[in-house]
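>>> need a structure here:
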Amino acid sequence: MKRVLDPIRKLFVSSRAKTQNTALAEGDLPRGGNVGDFLPLFKGRDQMGRKVRSETFPGRVSKLIFLSDSCGSCIEVLNQLANYSLSNHFLVLKSDPEPYSDADLEDISYKFPIFRSSKIVEMFGIQRVPTILTINAEGRIERVDELADPEQLGFCLEPSSPTWSKRDQGLPLGSPFPGYALNAGDTVEMVGEEGAVVLFLSTDCLSCLDIFSKLNLLIDKWPGKRIVLYIQGEESKVKSFLEENQINLPFHLYDPCQRERFKTSVFPYHYSLSIEGYVLTKGTVKDAEELEAFVDTGMDHTLKFEQGEQGGQGA
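Alright, predicted model coming up:
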């Protein structure tokens, strides 16, 4: 039986590799195993011959569990998964079996899907097992958990948040934005007449591309706001993006060293600031339309605040 399975496995992995290379070249999307990356593209069949395609995972498969045949903790995880009720929401990934090993035949004794490919495990950059990746509804990696204790499996398999906007990241609402909140007597024009919109974008983010392409329309809609850009990517590529979309705004290159300061690591992300430089709204956005809605909400907050002040003075 093993002699029959090996050619089948090679066929599907070879087909997957060809598809993956073509897709990455065409889409140039940030795919990999890090938080914020889109899933790598791959396809094949599990131990029961059922089709496995990473493109169908978002909204269906929320956990990718990386295990090894030579890991004692991994065996314990497999035993626990056999009794887990949410088997339809996870996929186990393993490397190819060692030569002359029948480990892949043992996979058939499990009812949940097990997918084997050393190349695919390498695509995710997995260094230690057991490791569990949490996938959100957009097909991005939301969390990476190295399972030091198999008893923590239940916690790691808890449902993930459905969208990036639910993530608790960013500076607190009402807090001063670093470098933009003005003290009494300051005259430096850090924000516009109606505040500011601070955008955190990336040149490798599909959602960011939509915002880049429509940013000038938003600038025209918010003439009283200052637009501040923090962009992750190579400087030459950032300048190319801005030139292609005819965006004439100054920008700051955003690197990992700044994440602690701005509390932002998922793109695209926005802050709406008051005229004093305080955070009115914040959040991850999926496109330019959602960004516009968020900023309009921030403008409503400003209006209500000003009306409250006037009401207090009148009293």
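>>> Which residues are in contact with R116?
Residues near R116 by Cβ atoms under 8 Å, 6 or more residues apart in numbering: 9, 47, 93-97, 104, 107. Placement of C-beta: from N, CA and C, glycine included.
>>> Same question for Y84.
90, 112, 157.
>>> Lowest pLDDT pick from the contacts of R116?
Checked by pLDDT, those have R9 as the lowest-scoring entry (45).
>>> need the contacts of R116 in CSV with secondary structure, neighbour count and distance to D255, can you?
Compiled in CSV, the contacts of R116 are given as follows (DSSP: H, G, I helix; E, B strand; the rest coil; neighbours: other Cβ atoms under 10 Å; distance: Cβ to Cβ, whole Å):
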residue, secondary structure, neighbour count, distance to D255
R9, helix, 16, 41
Q47, coil, 21, 43
L93, strand, 23, 31
K94, strand, 25, 35
S95, coil, 20, 33
D96, coil, 19, 37
P97, coil, 20, 41
D104, helix, 19, 43
D107, helix, 21, 42
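>>> out of the residues you listed, which one sits closest to S175?
L93 (40.7 Å; Cβ to Cβ).
>>> Look up how far T56 lies from the closest one.
Per Cβ to Cβ, to the nearest Å, L93 is found 15 Å from T56.
>>> same question, Y230
34 Å.
>>> Looking at those two, which is more packed in?
The neighbour comparison of Y230 against T56 (other Cβ atoms under 10 Å) goes to Y230, with 20 against 12.
>>> same for the helix or strand hosting that one, what does it pack against?
Here Y230 sits within strand 226-232, counting by DSSP states H and E. The contact analysis (3 or more Cβ pairs under 8 Å, 6 or more residues apart in numbering; DSSP states H and E) places strand 226-232 against strand 196-202, helix 206-221, strand 251-253.
>>> redo that, cut-off 6 Å
Packing partners of strand 226-232 (3 or more Cβ pairs under 6 Å, 6 or more residues apart in numbering; DSSP states H and E): strand 196-202, strand 251-253.
>>> what's the most buried one of the ones you listed?
Greatest average neighbour count among the helices and strands packed on strand 226-232 goes to strand 196-202 (a mean of 24), per mean count of other Cβ atoms under 10 Å.
>>> which residues sit against it?
In this structure, residues lying in contact with strand 196-202 by Cβ atoms under 6 Å, 6 or more residues apart in numbering are 208, 225-232, 264, 267-273, 295.
>>> Quick one, which of those residues are buried?
Listed as buried from the contacts of strand 196-202 are 208, 225-232, 264, 267-273, 295; burial here means 16 or more other Cβ atoms under 10 Å.
>>> what about the strand holding Y230, average pLDDT?
90.
>>> What pairs with that strand, parallel or antiparallel?
Paired neighbours of strand 226-232 in the sheet (DSSP bridges): strand 196-202 (parallel), strand 251-253 (parallel).
>>> centre of the chain versus whichever helix or strand comes after that strand, how much separation?
Once the chain leaves strand 226-232, the next helix or strand it forms, by DSSP H and E, is helix 235-244. Between the centre of helix 235-244 and the centre of its chain there are 22 Å (Cα atoms, centre = their mean, to the nearest Å).
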